[in-house]
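Chemist: sequence unknown, structure follows:
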(Lines give C-alpha, C1' and ligand atoms only; values in the text may rest on other atoms or scores of the structure.)
Protein backbone atom coordinates (compact mmCIF):
# COMPACT_ATOMS: atom_id res chain seq x y z
CA UNK A 1 0.00 0.00 0.00
CA UNK A 2 1.29 3.46 -0.90
CA UNK A 3 2.51 5.66 1.93
CA UNK A 4 1.91 8.88 -0.04
CA UNK A 5 -0.81 11.08 1.49
CA UNK A 6 -4.35 10.53 0.20
CA UNK A 7 -5.07 14.22 0.89
CA UNK A 8 -2.59 17.05 1.00
CA UNK A 9 -3.71 20.68 1.32
CA UNK A 10 -1.23 23.54 1.73
CA UNK A 11 -2.17 27.20 2.25
CA UNK A 12 -5.69 26.53 0.97
CA UNK A 13 -8.46 29.13 1.12
CA UNK A 14 -12.01 27.85 0.67
CA UNK A 15 -14.86 30.09 -0.41
CA UNK A 16 -18.63 29.74 -0.54
CA UNK A 17 -19.49 32.13 -3.38
CA UNK A 18 -17.53 35.24 -2.37
CA UNK A 19 -17.42 34.40 1.36
CA UNK A 20 -14.14 33.06 2.79
CA UNK A 21 -15.08 30.14 5.08
CA UNK A 22 -11.68 28.52 5.73
CA UNK A 23 -8.35 30.32 5.51
CA UNK A 24 -4.77 29.04 5.25
CA UNK A 25 -5.69 25.35 5.57
CA UNK A 26 -2.83 22.84 5.90
CA UNK A 27 -4.24 19.30 6.06
CA UNK A 28 -2.77 15.87 5.38
CA UNK A 29 -4.46 12.46 5.53
CA UNK A 30 -2.57 9.19 5.07
CA UNK A 31 -3.80 5.83 3.73
CA UNK A 32 -5.94 3.91 6.21
CA UNK A 33 -6.37 6.87 8.57
CA UNK A 34 -9.69 7.49 10.34
CA UNK A 35 -10.46 10.98 11.56
CA UNK A 36 -13.36 13.04 12.81
CA UNK A 37 -14.23 16.41 11.30
CA UNK A 38 -16.20 18.57 13.72
CA UNK A 39 -17.47 22.12 13.92
CA UNK A 40 -20.68 24.08 14.19
CA UNK A 41 -23.11 24.44 11.33
CA UNK A 42 -21.68 27.00 8.93
CA UNK A 43 -18.11 26.54 10.18
CA UNK A 44 -16.87 25.15 6.87
CA UNK A 45 -17.10 21.35 7.27
CA UNK A 46 -19.33 20.84 4.25
CA UNK A 47 -17.32 23.32 2.16
CA UNK A 48 -14.12 21.42 2.98
CA UNK A 49 -15.68 18.09 2.02
CA UNK A 50 -17.16 19.53 -1.19
CA UNK A 51 -13.69 20.79 -2.10
CA UNK A 52 -12.21 17.35 -1.50
CA UNK A 53 -14.66 15.63 -3.86
CA UNK A 54 -14.46 18.30 -6.54
CA UNK A 55 -17.81 19.99 -6.03
CA UNK A 56 -16.21 23.31 -5.04
CA UNK A 57 -13.26 24.39 -7.21
CA UNK A 58 -10.00 25.16 -5.43
CA UNK A 59 -8.79 28.61 -6.46
CA UNK A 60 -6.26 29.44 -3.72
CA UNK A 61 -3.44 27.26 -2.37
CA UNK A 62 -2.30 23.79 -3.34
CA UNK A 63 -4.27 20.61 -2.94
CA UNK A 64 -4.30 17.00 -4.06
CA UNK A 65 -6.77 14.19 -3.39
CA UNK A 66 -6.13 10.60 -4.48
CA UNK A 67 -3.50 11.79 -6.93
CA UNK A 68 -5.64 14.53 -8.50
CA UNK A 69 -4.38 18.12 -8.41
CA UNK A 70 -7.40 20.13 -7.23
CA UNK A 71 -6.07 23.38 -8.70
CA UNK A 72 -5.90 21.83 -12.18
CA UNK A 73 -9.03 19.67 -11.87
CA UNK A 74 -11.29 20.09 -14.90
CA UNK A 75 -15.04 19.47 -14.61
CA UNK A 76 -14.62 16.53 -17.00
CA UNK A 77 -12.15 14.93 -14.57
CA UNK A 78 -14.41 15.11 -11.49
CA UNK A 79 -16.12 11.74 -12.22
CA UNK A 80 -12.69 10.06 -12.36
CA UNK A 81 -11.75 11.58 -9.00
CA UNK A 82 -15.03 10.37 -7.51
CA UNK A 83 -14.37 6.82 -8.66
CA UNK A 84 -11.52 6.83 -6.14
CA UNK A 85 -13.84 8.14 -3.41
CA UNK A 86 -16.83 6.83 -1.53
CA UNK A 87 -19.30 9.44 -0.28
CA UNK A 88 -21.80 8.65 2.49
CA UNK A 89 -24.59 11.14 3.20
CA UNK A 90 -26.79 11.64 6.25
CA UNK A 91 -30.00 10.99 4.32
CA UNK A 92 -28.83 7.78 2.57
CA UNK A 93 -29.85 8.96 -0.94
CA UNK A 94 -30.91 5.49 -2.07
CA UNK A 95 -33.06 5.06 -5.18
CA UNK A 96 -36.51 4.11 -3.89
CA UNK A 97 -37.71 2.47 -7.14
CA UNK A 98 -35.28 -0.48 -7.07
CA UNK A 99 -33.99 -3.01 -4.60
CA UNK A 100 -30.76 -2.74 -2.65
CA UNK A 101 -28.60 -4.76 -5.04
CA UNK A 102 -29.88 -2.75 -8.01
CA UNK A 103 -28.96 0.48 -6.17
CA UNK A 104 -25.37 -0.74 -6.10
CA UNK A 105 -25.47 -2.02 -9.69
CA UNK A 106 -26.71 1.38 -10.89
CA UNK A 107 -23.67 3.11 -9.38
CA UNK A 108 -21.27 0.49 -10.71
CA UNK A 109 -22.55 0.64 -14.29
CA UNK A 110 -22.49 4.44 -14.23
CA UNK A 111 -18.83 4.32 -13.17
CA UNK A 112 -17.70 1.97 -15.91
CA UNK A 113 -18.34 -1.61 -14.74
CA UNK A 114 -19.45 -3.82 -17.65
CA UNK A 115 -18.91 -7.47 -16.66
CA UNK A 116 -22.19 -8.61 -15.08
CA UNK A 117 -20.56 -11.52 -13.25
CA UNK A 118 -17.92 -9.23 -11.72
CA UNK A 119 -20.65 -6.76 -10.75
CA UNK A 120 -22.70 -9.47 -9.05
CA UNK A 121 -19.65 -10.75 -7.17
CA UNK A 122 -18.61 -7.28 -5.97
CA UNK A 123 -22.16 -6.43 -4.85
CA UNK A 124 -22.23 -9.59 -2.73
CA UNK A 125 -18.79 -8.82 -1.28
CA UNK A 126 -19.66 -5.31 -0.11
CA UNK A 127 -23.09 -6.34 1.16
CA UNK A 128 -21.44 -8.99 3.32
CA UNK A 129 -18.80 -6.48 4.43
CA UNK A 130 -21.54 -4.21 5.85
CA UNK A 131 -23.44 -7.12 7.41
CA UNK A 132 -26.36 -7.27 4.96
CA UNK A 133 -25.39 -10.25 2.82
CA UNK A 134 -28.95 -11.61 2.65
CA UNK A 135 -30.85 -8.31 2.26
CA UNK A 136 -29.99 -7.37 -1.32
CA UNK A 137 -33.45 -8.27 -2.63
CA UNK A 138 -35.22 -5.85 -0.26
CA UNK A 139 -36.49 -2.43 -1.24
CA UNK A 140 -34.99 0.54 0.69
CA UNK A 141 -38.29 1.29 2.47
CA UNK A 142 -38.27 -2.25 3.90
CA UNK A 143 -35.03 -1.55 5.78
CA UNK A 144 -34.40 0.28 9.05
CA UNK A 145 -32.51 3.57 9.04
CA UNK A 146 -29.35 1.83 10.19
CA UNK A 147 -29.67 -0.79 7.45
CA UNK A 148 -30.22 1.90 4.83
CA UNK A 149 -27.05 3.64 5.99
CA UNK A 150 -25.18 0.33 5.74
CA UNK A 151 -26.39 0.07 2.15
CA UNK A 152 -25.12 3.57 1.41
CA UNK A 153 -21.75 2.55 2.89
CA UNK A 154 -21.77 -0.58 0.70
CA UNK A 155 -22.48 1.67 -2.29
CA UNK A 156 -19.50 3.84 -1.30
CA UNK A 157 -17.27 0.74 -1.19
CA UNK A 158 -18.02 -0.79 -4.59
CA UNK A 159 -15.14 0.91 -6.43
CA UNK A 160 -12.50 0.02 -3.79
CA UNK A 161 -12.18 3.68 -2.70
CA UNK A 162 -8.95 5.15 -1.41
CA UNK A 163 -10.98 7.64 0.64
CA UNK A 164 -14.45 7.63 2.19
CA UNK A 165 -16.05 10.96 3.06
CA UNK A 166 -18.95 10.46 5.46
CA UNK A 167 -21.05 13.60 6.01
CA UNK A 168 -22.96 13.24 9.31
CA UNK A 169 -23.64 9.55 8.54
CA UNK A 170 -25.22 8.93 11.96
CA UNK A 171 -27.23 12.17 12.14
CA UNK A 172 -30.59 10.38 11.74
CA UNK A 173 -29.77 7.29 13.80
CA UNK A 174 -30.30 6.22 17.42
CA UNK A 175 -27.28 5.83 19.75
CA UNK A 176 -26.97 2.04 19.45
CA UNK A 177 -27.14 2.13 15.64
CA UNK A 178 -24.73 5.07 15.63
CA UNK A 179 -22.17 2.95 17.47
CA UNK A 180 -22.59 0.11 14.95
CA UNK A 181 -22.07 2.46 11.97
CA UNK A 182 -19.05 4.03 13.69
CA UNK A 183 -17.48 0.59 14.27
CA UNK A 184 -18.17 -0.34 10.64
CA UNK A 185 -16.48 2.79 9.27
CA UNK A 186 -13.51 2.38 11.62
CA UNK A 187 -13.07 -1.25 10.54
CA UNK A 188 -13.18 -0.15 6.90
CA UNK A 189 -10.29 2.24 7.59
CA UNK A 190 -8.28 -0.73 8.86
CA UNK A 191 -8.59 -2.33 5.40
CA UNK A 192 -6.75 0.63 3.85
CA UNK A 193 -9.42 3.17 2.87
CA UNK A 194 -8.99 6.48 4.66
CA UNK A 195 -12.19 7.72 6.35
CA UNK A 196 -13.17 11.30 7.15
CA UNK A 197 -16.32 11.41 9.26
CA UNK A 198 -18.04 14.72 9.84
CA UNK A 199 -20.13 14.57 12.98
CA UNK A 200 -21.89 16.51 15.73
CA UNK A 201 -22.01 13.43 17.95
CA UNK A 202 -19.31 14.01 20.55
CA UNK A 203 -20.55 11.29 22.91
CA UNK A 204 -19.20 8.47 20.73
CA UNK A 205 -16.05 10.31 19.75
CA UNK A 206 -14.07 9.40 22.86
CA UNK A 207 -14.51 5.70 22.14
CA UNK A 208 -11.80 5.73 19.46
CA UNK A 209 -8.34 7.17 19.88
CA UNK A 210 -8.23 8.88 16.47
CA UNK A 211 -7.47 12.33 15.06
CA UNK A 212 -10.06 15.04 15.56
CA UNK A 213 -10.01 18.12 13.31
CA UNK A 214 -12.23 21.11 14.05
CA UNK A 215 -13.47 23.87 11.74
CA UNK A 216 -13.63 27.00 13.87
CA UNK A 217 -13.47 30.73 13.13
CA UNK A 218 -12.20 30.19 9.62
CA UNK A 219 -9.44 27.77 10.61
CA UNK A 220 -8.88 24.01 10.59
CA UNK A 221 -7.48 22.95 13.97
CA UNK A 222 -6.22 19.64 15.34
CA UNK A 223 -7.81 18.93 18.74
CA UNK A 224 -7.92 15.99 21.12
CA UNK A 225 -11.11 13.95 21.47
CA UNK A 226 -11.30 15.05 25.13
CA UNK A 227 -11.17 18.72 24.07
CA UNK A 228 -13.77 18.30 21.34
CA UNK A 229 -16.78 19.11 23.50
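Modeler: That came through, no problem. Please read these numbers as outputs of a predicted model, since none were measured by experiment.
Chemist: show me the contacts for the spatially most central residue of the chain.
Modeler: Among the residues of the chain, residue 165 comes closest to the average C-alpha position under C-alpha atoms, centre = their mean, at 1.4 Å. Contact analysis of residue 165 by C-beta atoms under 8 Å, 6 or more residues apart in numbering lists 49, 52-53, 85-88, 196, 198. Every residue, glycine included, has its C-beta placed from N, CA and C.
Chemist: which SSE is it in?
Modeler: strand 163-167 (DSSP states H and E).
Chemist: cool, and residue 104?
Modeler: helix 100-110.
Chemist: just the helices in this structure please.
Modeler: Chain-ordered helices for the chain, with DSSP state H as the definition, fall at 45-52, 78-82, 100-110, 116-129, 145-157, 175-190.
Chemist: follow-up on the earlier one: tell me which of the contacts of residue 165 fall in strands.
Modeler: Of the contacts of residue 165, the ones assigned to strands by DSSP state E are 85-88, 196, 198.
Chemist: for these, which one is nearest residue 11?
Modeler: residue 196 (19.9 Å; C-beta to C-beta).
Chemist: could you measure from the residue lying farthest from the centre of the chain over to residue 124?
Modeler: Largest separation from the mean C-alpha position in the chain: residue 117, at 27.1 Å (C-alpha atoms, centre = their mean). As judged by C-beta to C-beta, to the nearest Å, residue 117 and residue 124 stand 11 Å apart.
Chemist: now swap in residue 187 and tell me
Modeler: From residue 187 to residue 124 the distance is 18 Å (C-beta to C-beta).
Chemist: the helix holding residue 104 to helix 116-129, inter-axis angle?
Modeler: Helix 100-110 and helix 116-129 are oriented at 130 degrees to each other (axes from the mean of the first three to the mean of the last three C-alpha atoms, to 10 degrees).
Chemist: show me what helix 100-110 is packed up against.
Modeler: helix 116-129, helix 145-157 (3 or more C-beta pairs under 8 Å, 6 or more residues apart in numbering; DSSP states H and E).
Chemist: among those helices, which is the most enclosed?
Modeler: Each of those was scored by mean neighbour count; the highest is helix 145-157, a mean of 23, by mean count of other C-beta atoms under 10 Å.
Chemist: looking at the helices of the chain, which is nearest to residue 93?
Modeler: Of the helices of the chain, nearest to residue 93 by C-beta to C-beta is helix 145-157, at 6.7 Å.
Chemist: and that closest one with helix 100-110, angle?
Modeler: Using the same axes, to 10 degrees: helix 145-157 against helix 100-110 is 20 degrees.
Chemist: packing partners for helix 145-157?
Modeler: strand 85-88, helix 100-110, helix 116-129, strand 163-167, helix 175-190.
Chemist: where in this protein is pLDDT low?
Modeler: Scanning the chain for pLDDT under 70 picks out 1-2, 224-229.
Chemist: ok, now with 80
Modeler: 1-3, 200-207, 224-229 (pLDDT under 80).
Chemist: residues near residue 193, how many?
Modeler: Each residue near residue 193 was counted by other C-beta atoms under 10 Å, and the total is 22.
Chemist: what of residue 221?
Modeler: Neighbour tally, residue 221, other C-beta under 10 Å: 13.
Chemist: partners of it in the sheet?
Modeler: residue 214 (DSSP bridges).
Chemist: that one touches residue 212, doesn't it?
Modeler: No: counting by C-beta atoms under 8 Å, residue 221 does not reach residue 212; the two are 9.3 Å apart.
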